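J.: Below is the structure, and that's it, no one-letter string:
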């Protein structure tokens, strides 16, 4: 019985080495998409892929489902010619504060903020 436990632990460590993501932490959308792509290219079942990569099966299925829904929404919007429009702030709006940095970068703040907030941007 103890031997089976040790083998299982060794397999989990081996599976964890295959993944370059922090275990026990939230993954970014890009990291999730990367795993979904790897699964699709692997030819494995979802369950086998999850076991090999130390992922919770139901969590992975949720990511994959949301990924499909996102792709569907994006493709429908693209077919309809809908997209985001660039928003330009009129020149009549004056910033509350403007911070100019070396190299030409600047930050414009359009509402009142505490001085500590501005200090935090500088230091």
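T.: Now that the structure is in, tell me what you want to look at. Being a predicted model, the structure only gives us computed values, none of them experimental.

J.: can you pull out the strands in this structure?
T.: 97-100, 106-109 (DSSP state E).

J.: Paired strands for the last one, with orientation please.
T.: Spelled out, it's strand 106-109. Within its sheet, strand 106-109 is paired with strand 97-100 (antiparallel), according to DSSP bridges.

J.: contact partners of the partner strand?
T.: Outside strand 97-100, the residues that touch it by CB atoms under 8 Å, 6 or more residues apart in numbering are 106-109, 113, 118, 121-122. The C-beta positions use only the backbone N, C-alpha and C, and glycine is treated the same way.

J.: Quickly check these for the two that are furthest apart.
T.: Greatest spatial distance among the contacts of strand 97-100 (CB to CB): 106 and 113, at 15.7 Å.

J.: Domains in the protein, by residue range?
T.: Domain assignment for the chain by automatic domain parsing gives 2-79, 84-123.

J.: what's the least confident stretch among the ones you listed?
T.: If you rank these by mean pLDDT, domain 2-79 sits at the bottom with a mean of 74.

J.: so what's residue 47 up against?
T.: Taking CB under 8 Å, 6+ apart, we find residue 47 in contact with residue 57.

J.: Distance check, it against residue 102.
T.: Residue 47 is 54 Å from residue 102, where distance means CB to CB, to the nearest Å.

J.: ok, now residue 117?
T.: Look at residue 117 and residue 102: by CB to CB, they are 21 Å apart.

J.: Give me the more crowded residue out of the two.
T.: residue 117 (11 against 5; other CB atoms under 10 Å).

J.: State the distance from the more buried one to residue 109.
T.: Counting by CB to CB, the gap from residue 117 to residue 109 is 8 Å.

J.: What is the burial count for residue 105?
T.: When neighbours are counted by other CB under 10 Å, residue 105 comes out with 8.

J.: typed the wrong thing, it's residue 55
T.: Residue 55: 22 neighbours (other CB under 10 Å).
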